[in-house]
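Chemist: missing the sequence, but the structure's below:
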């Protein structure tokens, strides 16, 4: 089971659109997958699910269970202020340790409306994942100008589609 | 006016203790300062104050005003999972742009119970601040094993105190 | 005196071309500047000028003197393998400390033939400069696809020229 | 065949001492390994083996062959000026691509005389290795105050030895 994490709680995010596209590509490849969309985080999770409250929020625990039941993760990471969304990191800060992500594997995809495609965001997230013991696939596609390359839920950029498919090929055997 | 940001919403945080110590040092040096403690973030700010809701949360706006009315910032940054707290980044993600932090100046302090002292956390935060146009002081003290070096609200490590005082000296003229 | 560092020892580098353009822009602005081109590093500097040999290579010392006599630096940084050139870091590793760069100021420009424009290279170099006590200007233009935006020693991309001019405006008063 | 890279050309480096210790640990575990010590780089390699001279230096090619003939690498990385040694990156800049390191695997160890243990150095090197397609093991031991924990070629710190052994266990099956 591969879990795709739509890495923002922004409503109607491009991260979710890319997550759906990624799920289709995985299923075409014969892989089983599910989407964990951070839009489903409890609205007060930063006060009820972190630190000493770790494990106490049912809504948060439901998402945490999706993590616990998977060994491979795809993070779809929008670039906010030159890094990953704070909400994505706050979600990670609330996960039950050490079982949640240690010795598991992750693939990262960056998306941005600007020119970076999340280069630094993916570097930061790699640091975090390595710190908590998750191995990260070297290939990290960066989909810049994402708003110009999506139309009605489809990627219109053939190169971007190829990059995702190549990532999947290496991730399946990672 | 220098604003010290206690960079976590964790109750009774060491970040707040260090913020209070830092405020004392600044006042002894004749500087005016205030503390912005992320414990005061609205419990639901990630759902009510970010993205399209930017500016709509009164509780968040009150904190944002503290930012808008200052030109210099000291970030006290605990290390969570090898980086800055997600909540700190989510707070930045909700600030009104471009006025809040652009062309302003920041000093960073890292604290951790482990051995890093937030080295990578401070590197990540520097990337974010540079991205949004805030200049960052080169000197970034890292206070590792912080729990062993605090007692009843006082720093018991003379070196740590010296590092903070030296940072203040350079920050005042930065 | 502002020293522009062409950040590679590659012959006929685009970094040198950009350095010359940057020097012209500074002079038009009324600033005095000089170029330190790493092409002038002694061919054996990694064996004769680093570590215990620090200070023993006349050819290296001549470049080090250019650093010592300046308070402001512009680093033109090509992206090699997703970071700064190893030679640029080896040059820094050989500088006399702590006088060379501590408490001085730097502006960074990234160039690449690929899509990143040196985003991560500039992040890495910022970490290094902060470590040795050099303050870094927040604005760091990234000139991607540089080979398509240069013609006979001139920048043909108006946006890139504007980015450099805006950087100069803020750097002069930094 | 695992290749251990002593990541500096500094004579009599601690990086080499740790490389020898690491080789012993690998052999005790039944693994075959060799050491690539950057002390063996040609003294003029930055002028004769990089860029358009890639492949033209026999001395450099001999080291490059050690890379080409291995699938797994251990980088022993001293911290110089808050990052990896420039010489290590210059070595990577000269490798023949894309065969040398793409789709291969690496484990990283940081060493420093200071408090960081190369935290940021290892982060930077991870960025570079990921860029060129090398997968990096999540666990990256950081051996700070290395000079106080080595005696006559032996690690006197039991924790450090354990960290290296645990890294080897996960790396062997990575």
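Modeler: Received the coordinates, thanks. It should be emphasised that the depicted structure is a prediction, and the values quoted were computed from it without experimental measurement. Numbering: from 1, shown residues only, chains lettered A, B, ... in the order given.

Chemist: relative to residue C:144, how far out is residue A:156?
Modeler: Noted for residue A:156: a distance of 21 Å to residue C:144, by CB to CB, to the nearest Å. All C-beta spots, glycine's among them, are computed from the backbone N, C-alpha and C.

Chemist: who's more crowded, the two?
Modeler: Between residue A:156 and residue C:144, counting by other CB atoms under 10 Å in any protein chain shown, residue C:144 is the more crowded of the two (22 against 11).

Chemist: quick one: pLDDT of the closest residue to residue A:170 other than its chain neighbours?
Modeler: Nearest residue to residue A:170 in three dimensions, chain neighbours excluded: residue A:139, at 5.9 Å (CB to CB, 6 or more residues apart in numbering or on different chains). As predicted, residue A:139 sits at a pLDDT of 97.

Chemist: could you do residue A:99 as well?
Modeler: The model's pLDDT for residue A:99 equals 77.

Chemist: surely it touches residue A:68?
Modeler: Yes: the pair residue A:99 and residue A:68 passes the contact test of CB atoms under 8 Å, sitting 6.2 Å apart.

Chemist: as a quick check, tell me the outermost residue of chain A.
Modeler: Here the centre of chain A is the reference, and by CA atoms, centre = their mean the most remote residue is residue A:52, at 25.1 Å.

Chemist: separation between that residue and residue A:12?
Modeler: 34 Å.

Chemist: what do you get for residue A:157?
Modeler: For residue A:157, the distance to residue A:12 - CB to CB - is 20 Å.

Chemist: what's the answer for residue A:101, then?
Modeler: As defined by CB to CB, residue A:101 lies at a distance of 27 Å from residue A:12.

Chemist: please apply the same query to residue A:3.
Modeler: Residue A:3 sits 21 Å away from residue A:12, going by CB to CB.

Chemist: which one of the two has more residues nearby?
Modeler: Applying other CB under 10 Å to residue A:3 and residue A:12 shows that residue A:3 carries more neighbours, namely 21 against 8.

Chemist: ok so, going back, am I right that the residue farthest from the centre of chain A is in a helix?
Modeler: Yes: under DSSP: H, G, I helix; E, B strand; the rest coil, residue A:52 sits within a helix.

Chemist: just checking, it touches residue B:12?
Modeler: No: using CB under 8 Å, residue A:52 is not in contact with residue B:12, being 9.6 Å away.

Chemist: so for the strand or helix carrying residue A:122, mean pLDDT?
Modeler: Per DSSP states H and E, residue A:122 falls inside helix A:119-131. Averaged over helix A:119-131, pLDDT sits at 98.

Chemist: check whether that helix comes near chain B.
Modeler: Yes: if you take CB under 8 Å from any CB of the partner chain as the test, helix A:119-131 does meet chain B, through A:120, A:124, A:127, A:128, A:130, A:131.

Chemist: list the contacts of the following helix or strand past that helix.
Modeler: Note on helix A:119-131: by DSSP H and E, the next helix or strand toward the C-terminus is strand A:135-136. Surrounding strand A:135-136, the residues in contact under the criterion CB atoms under 8 Å, 6 or more residues apart in numbering or on different chains are A:103-108, A:126, A:129-130, A:174, D:130, D:135-138, D:174.

Chemist: backbone dihedrals for residue A:34, both of them.
Modeler: Main-chain dihedrals, residue A:34, degrees, to the nearest 10: phi -140, psi 160.
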